[in-house]
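S.K.: Requesting a structural model of the entry that follows:
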Amino acid sequence: MSSNWAASALDWWQEAGVDVIVGEEPRDWLNPKAKEAAGAPEPAPAALPETLDALRAWLAATADIPFASPVAARAAPSGDPGAGLMVMVEMPSDDGGLISGHAGTLFDKMLVAIGRDRESIYLAPLSPIRTPTGAIDERSAARLAEIARHHIGLAAPRFLLLFGDICGKALLGSAVAGARAKWHEISTPSGPVKALVTIKPEKLVEMPGWKKHAWADLQMLMEELK
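M.R.: Below is the predicted model:
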């Protein structure tokens, strides 16, 4: 009796189109379109703005950048885009500004040492939004690097100074330890730009003994700025 009932049940399920008991992937049975959406390709990012002013406005408002959300604070670039020297940091500081606190004080001293201040450089973040952990995953870094190259191309500086491992890896493919103390070229839509990467001020505050390495990098930059 029980075997006949089981056979009848299996026949019914087979006729209903069920050929496996457990699928290989989880499925939201209350949302029939969930499986289709999960396998759908992501839409391609929209074209980036073609002027520096338009790009700056886009960075301040777009949802098409990593970590964007309605409540995420953003840090805007500052300084003079025509200064000839662009400085790129990883992301905003904890307070939302670009290189603030003790690191900001040290950064200002570094600028004075090369004959500059915040008004005579163009300062921009790789990510306008700070992540909760202070880290950036590889996929997000690749997208931010694409935007950064476009940004650098529009600003067209003579020289670019990158701070920190995240910037180094995203734009040069190497952390500071392997990339500092030598010049690089970064490809942009407007042509190559000469770049140096050095230790970020936040790290120098934690490791004062590394200041001599950062100073050596700044001396290389000064030679070119002359």
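
S.K.: Going by neighbour count, list what's buried in the one helix or strand Lys212 maps to.
M.R.: Here Lys212 is covered by helix 211-225, with elements defined by DSSP states H and E. Residues of helix 211-225 classed as buried: 213-214, 217-218, 221 (neighbour count, 16 or more other CB atoms under 10 Å). Every residue, glycine included, has its C-beta placed from N, CA and C.

S.K.: thinking Ser100 is in contact with Ser78, fair?
M.R.: No. Assessed by CB atoms under 8 Å, Ser100 is found out of contact with Ser78, at 11.8 Å.

S.K.: In contact with the residue nearest to Gly84 when sequence neighbours are not counted, which residues are there?
M.R.: Nearest residue to Gly84, sequence neighbours excluded (CB to CB, 6 or more residues apart in numbering): Arg158, at 4.3 Å. Taking CB atoms under 8 Å, 6 or more residues apart in numbering, we find Arg158 in contact with 84-85, 193-194, 224.

S.K.: Could you work out the most separated pair of these?
M.R.: Val193 and Glu224 (12.0 Å; CB to CB).

S.K.: okay, and the common contacts of these two?
M.R.: Common neighbours of Val193 and Glu224 (CB under 8 Å, 6+ apart) are 158-159.

S.K.: The nearest residue to Gly97 once chain neighbours are set aside: how many residues sit nearby?
M.R.: Ranked by CB to CB, 6+ apart and with sequence neighbours excluded, the top spatial neighbour of Gly97 is Ala75, at 6.5 Å. By other CB atoms under 10 Å, 24 other residues sit near Ala75.

S.K.: Helix, strand, or coil at Ala75?
M.R.: Counting by DSSP: H, G, I helix; E, B strand; the rest coil, the backbone at Ala75 sits in coil.

S.K.: from what I can see it touches Asp95, true?
M.R.: No. Counting by CB under 8 Å, Ala75 stays clear of Asp95, with 9.9 Å between them.

S.K.: mind listing the helices in this protein by residue range?
M.R.: 2-15, 34-39, 52-61, 101-113, 138-155, 165-172, 176-179, 201-206, 211-225 (DSSP state H).

S.K.: For the ones you listed, state which one has the densest average packing.
M.R.: Mean neighbours per residue, mean count of other CB atoms under 10 Å, is largest over the helices of the chain for helix 165-172, with a mean of 24.

S.K.: now for that one, which elements pack on it?
M.R.: strand 85-89, helix 138-155, strand 159-163, helix 176-179, strand 184-186, strand 193-198 (3 or more CB pairs under 8 Å, 6 or more residues apart in numbering; DSSP states H and E).

S.K.: Would you mind measuring from the residue nearest to Asp165 when sequence neighbours are not counted to Ser78?
M.R.: Sequence neighbours aside, Ala175 is the residue nearest to Asp165 in space, at 4.3 Å (criterion: CB to CB, 6+ apart). Using CB to CB, to the nearest Å, Ala175 is found at 26 Å from Ser78.

S.K.: before we move on, what about Lys203?
M.R.: 21 Å.

S.K.: same thing with Ile114?
M.R.: From Ile114 to Ser78 the distance is 18 Å (CB to CB).

S.K.: I'd like to know how many residues surround Ser100.
M.R.: Neighbour tally, Ser100, other CB under 10 Å: 17.

S.K.: picking up where we left off before, put together a markdown table for the helices and strands packed on helix 165-172, with distance to Pro128 and mean pLDDT on each row.
M.R.: Output for these, formatted as a markdown table (distance: least, CB to CB, whole Å; pLDDT from 0 to 100):
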| stretch | distance to Pro128 | mean pLDDT |
| --- | --- | --- |
| strand 85-89 | 11 | 98 |
| helix 138-155 | 9 | 98 |
| strand 159-163 | 15 | 98 |
| helix 176-179 | 22 | 98 |
| strand 184-186 | 19 | 98 |
| strand 193-198 | 20 | 98 |
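
S.K.: Right, I'll call it a day here.
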